[in-house]
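Asker: Following is a predicted model, sequence given first.
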Amino acid sequence: MRLTILGGGGFRVPLVYGALLGDRADGRVTGVTLYDTDPGRLAVMARVLADQADGVPAAPAVTATTDLDEALRGADFVFSAIRVGGLDGRATDERVALAEGVLGQETVGAGGIAYGLRTVPAAREIARRIARLAPDAWVINFTNPAGLVTEAMRESLGDRVIGICDSPVGLGRRIARVLGAARPQEAWIDYVGLNHLGWVRGLRIGGRDELPRLLADPVALESFEEGRLFGAEWLRSLGAIPNEYLHYYYFNRETVAAYRQAERTRGAFLRDQQRAFYAGPDGTGPAAGAALAAWDRTRAEREATYMAENREAAGAGEREETDLESGGYEQVALALMRAIARDERATLILNVANGSTLSVLDPDAVIEVPCLVDANGAHPVAVDPLPYHAVGLVTAVKAVEREVLAAAAAPSRTAARAAATKAFALHPLVDSVAVARRLLDGYARHHPGLAYLR
């Protein structure tokens, strides 16, 4: 099989390639094509993957290109992980929002809307190209905001595009480990919501739901990352364990304050860190033979500082060593490809069309739920209705996503601005229509990818 990675110069590509190196089964990926608009980043990433493959028998062959059509032709799977505007764009998203006193995180709140407004047009164009050049390919989308972008790509690709995220996987793994599961990956996770907006409502080990036992034990509840972020009292009130990104909603004021007091925002930190990595000590990038070691060091620092402002706001301390383990989205992607290509049935938490799963949303809305996966794709399982507090957030954020989709496809600048303003103003973390208008003007002024909104 041949896999094409869009955003092939991206920092997390070695995670995917490392997972492929460990797959020895028949029908595995034998060729990987890296596509990126930045030839310098592609060259550096090719060195890292060459270091990874050193000494590994029959490692998947790697090619790199800046020609999208060349990258897509003949692909069996396409992994989409693009970042429109790069990390400079992410840092700008954060800065513009924080200047207005609202959250600028890349997928949540004003920052997520700005990122979506400039990413959806690119994602739609890529989806059209895939439909034309690789109509039989399956597309695995990790481009953020993952649920929104997956929904945009579905317009051309239908069920052949599936969104993935590592957050639910990591959350389920941590809960299962605390509950004493011998094999955390085999626990059944009752998870439901949108991307970066979901809740674990049950976790079955050996057919028995063990989540009530965890919720009754405040010490155990605060022994893992989400428990320390949210606090045992709040989790017991909810009767569920929220995705870590819900900290931005439940503790918004404290988080915004922590972000405004930080020396650098997360986006600025990653921008500076990755500039140093890709440039290397002499400006030409890490040398062949040392590239993987440089990448490992950079990744360790990146993971250790993940959601640092949230942990500071919650008094949660440093990340535990177990939370730094790999096995996230790259393992989900590999399991998804295996299930489809080999008809190896699997149960995975994915971003797919709602159908009749959640009655509060229409059939085309992309949601994040457990799915049964086989050669015909991903099929969401039936889940219990959302409680009212979750209905409010899920429907509000889905309404925002729909306005972003409308803005990016609007027939005129006036219509686009009206939909974009509405997207900002309707978001639960933006508290004023006037603020929404200023956010739109600020983002449109700074981002070339938002020229259609000026």
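Answerer: Thanks, I have it.

Asker: From residue 285, how far off is residue 278?
Answerer: The gap separating residue 278 from residue 285 is 6 Å, by C-beta to C-beta, to the nearest Å. The C-beta positions use only the backbone N, C-alpha and C, and glycine is treated the same way.

Asker: and for these two, which residues touch both?
Answerer: 40, 44 (C-beta atoms under 8 Å, 6 or more residues apart in numbering).

Asker: any residues touching stretch 154-165, and which ones?
Answerer: 124, 127-128, 130-131, 137-142, 146-147, 149-150, 153, 195-196, 329, 332-333, 336, 348-353, 364, 366, 368, 377-378.

Asker: Go through that stretch and flag the buried ones.
Answerer: By neighbour count with 16 or more other C-beta atoms under 10 Å, stretch 154-165 contains the buried residues 154, 155, 156, 157, 160, 161, 162, 163, 164, 165.

Asker: Spell out for me which residue occupies the centre of this protein.
Answerer: With distances taken as C-alpha atoms, centre = their mean, residue 165 lies nearest the centre of the chain, 4.7 Å away.

Asker: Okay, and which of the contacts of stretch 154-165 map to helices?
Answerer: Counted as lying in helices by DSSP state H, out of those, are 124, 127-128, 130-131, 146-147, 149-150, 153, 329, 332-333, 336.

Asker: Stretch 191-200: end-to-end distance?
Answerer: With C-alpha to C-alpha, to the nearest Å as the measure, stretch 191-200 spans 4 Å from end to end.

Asker: List the buried residues of it.
Answerer: So stretch 191-200, judged by 16+ other C-beta under 10 Å, has buried residues 191, 192, 193, 194, 195, 196, 197, 198, 199, 200.

Asker: From those residues, pick the one nearest residue 388.
Answerer: Distance to residue 388, by C-beta to C-beta, is smallest for residue 199 among those, at 12.9 Å.

Asker: The closest one falls within a strand, correct?
Answerer: Yes: assessed by DSSP: H, G, I helix; E, B strand; the rest coil, residue 199 belongs to a strand.

Asker: list the contacts for it?
Answerer: 191, 192, 193, 238, 240, 241, 242, 243, 246, 390.

Asker: By neighbour count, which of those wins?
Answerer: Using other C-beta atoms under 10 Å as the neighbour test, the contacts of residue 199 are led by residue 241, with 28 neighbours.

Asker: Residue 178 versus the residue lying closest to that residue once chain neighbours are set aside, what's the distance?
Answerer: Sequence neighbours aside, residue 200 is the residue nearest to residue 241 in space, at 4.3 Å (criterion: C-beta to C-beta, 6 or more residues apart in numbering). Distance, residue 200 to residue 178, by C-beta to C-beta: 12 Å.

Asker: pLDDT of stretch 126-140, averaged?
Answerer: The average pLDDT within stretch 126-140 is 98.

Asker: Identify all contacting residues around that stretch.
Answerer: 4, 6, 68-69, 72-80, 82, 152-157, 160-164, 333, 336-337, 340, 377.

Asker: if we can go back for a sec, restricted to buried residues, select the contacts of stretch 154-165 in PyMOL.
Answerer: Per 16+ other C-beta under 10 Å, the buried members of the contacts of stretch 154-165 correspond to this PyMOL selection:
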select buried, resi 124+127+130+131+137+138+139+140+141+142+146+147+149+150+153+195+196+329+332+333+336+348+349+350+351+352+353+366+368+377+378
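
Asker: which parts of stretch 219-229 are buried?
Answerer: Buried-residue list, stretch 219-229, by 16+ other C-beta under 10 Å: 220, 221, 222, 223, 224, 225, 226, 227, 228, 229.

Asker: how close does the residue nearest to the centre of the chain get to residue 360?
Answerer: According to C-beta to C-beta, residue 165 stands 21 Å off from residue 360.

Asker: Kindly report the same for residue 440.
Answerer: Counting by C-beta to C-beta - residue 440 and residue 360 are separated by 28 Å.

Asker: which residue packs closest to residue 15, ignoring adjacent ones?
Answerer: Once chain neighbours are set aside, the closest to residue 15 by C-beta to C-beta, 6+ apart is residue 330, at 4.1 Å.

Asker: what ranges do the strands span in the protein?
Answerer: 2-6, 31-35, 61-65, 77-80, 138-141, 161-163, 188-194, 197-205, 208-209, 241-242, 346-353, 366-374, 377-380 (DSSP state E).

Asker: Switch the ones you listed over to JSON lines; also include distance to residue 307.
Answerer: Converted to JSON lines, those look like this (distance: least, C-beta to C-beta, whole Å):
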{"stretch": "strand 2-6", "distance to residue 307": "26"}
{"stretch": "strand 31-35", "distance to residue 307": "29"}
{"stretch": "strand 61-65", "distance to residue 307": "32"}
{"stretch": "strand 77-80", "distance to residue 307": "24"}
{"stretch": "strand 138-141", "distance to residue 307": "22"}
{"stretch": "strand 161-163", "distance to residue 307": "21"}
{"stretch": "strand 188-194", "distance to residue 307": "18"}
{"stretch": "strand 197-205", "distance to residue 307": "15"}
{"stretch": "strand 208-209", "distance to residue 307": "28"}
{"stretch": "strand 241-242", "distance to residue 307": "13"}
{"stretch": "strand 346-353", "distance to residue 307": "20"}
{"stretch": "strand 366-374", "distance to residue 307": "19"}
{"stretch": "strand 377-380", "distance to residue 307": "28"}
